[in-house]
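Q: Need coordinates for the following:
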Amino acid sequence: MTLDENRFSTLADDRLESIGDAVDEALGDRIDVDYLGGILTLTLQGGGQYVINKHAPNREIWLSSPVSGAAHFGYTDGAWVSTREPRMVLEQVLASELTGKYGVDVVF
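A: Predicted coordinates for the structure are as follows:
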């Protein structure tokens, strides 16, 4: 699905905000959550940081993970799906990594 800039911005902002809210609710005592200007930063206690941001020119959400590195996600069939590996969905990647590190289920 090709998104116009306004639709992309709305979908991406909503997703980043909901991810930040879910992480803060599940792990707020272990992760500092900051969402500003289309950039969601999850700073882990003891070091490490996730940076998740909108990339408007490509209509993608970009993820920088201290576990899996960089990945790009495009909006397909109602989900943010990896542009390289269609079986990878943004929320599943984050949930898997955060659950693996903290042993707490993060539900998006």
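Q: in terms of contact, does residue 32 touch residue 47 like I think?
A: No - Residue 32 is not in contact with residue 47 according to C-beta atoms under 8 Å; the separation is 12.0 Å. (Glycine included, C-beta is placed from N, CA and C.)
Q: Give me the more crowded residue out of those two.
A: The residue with more neighbours, out of residue 32 and residue 47 and counting by other C-beta atoms under 10 Å, is residue 32; that gives 14 against 7.
Q: That one - nearest residue in space that isn't next to it in sequence?
A: residue 43 (4.2 Å; C-beta to C-beta, 6 or more residues apart in numbering).
Q: residues contacting the one you found?
A: Under the criterion of C-beta atoms under 8 Å, 6 or more residues apart in numbering, the neighbours of residue 43 are 31-32, 34, 49.
Q: Need the residues that contact the longest helix anywhere in the chain.
A: Counting residues, the longest helix found in the chain (DSSP state H) is helix 5-27. Residues from elsewhere that reach helix 5-27, judged by C-beta under 8 Å, 6+ apart: 3, 31, 33-35, 38, 40, 42, 52-54, 56, 59, 61, 75, 80, 90-91, 94, 98, 102, 104-108.
Q: how about the closest residue to residue 105 other than its chain neighbours, phi and psi?
A: Nearest non-adjacent residue to residue 105, counting by C-beta to C-beta, 6+ apart: residue 99, 5.7 Å away. Main-chain torsions, residue 99, degrees, to the nearest 10: phi -60, psi -40.
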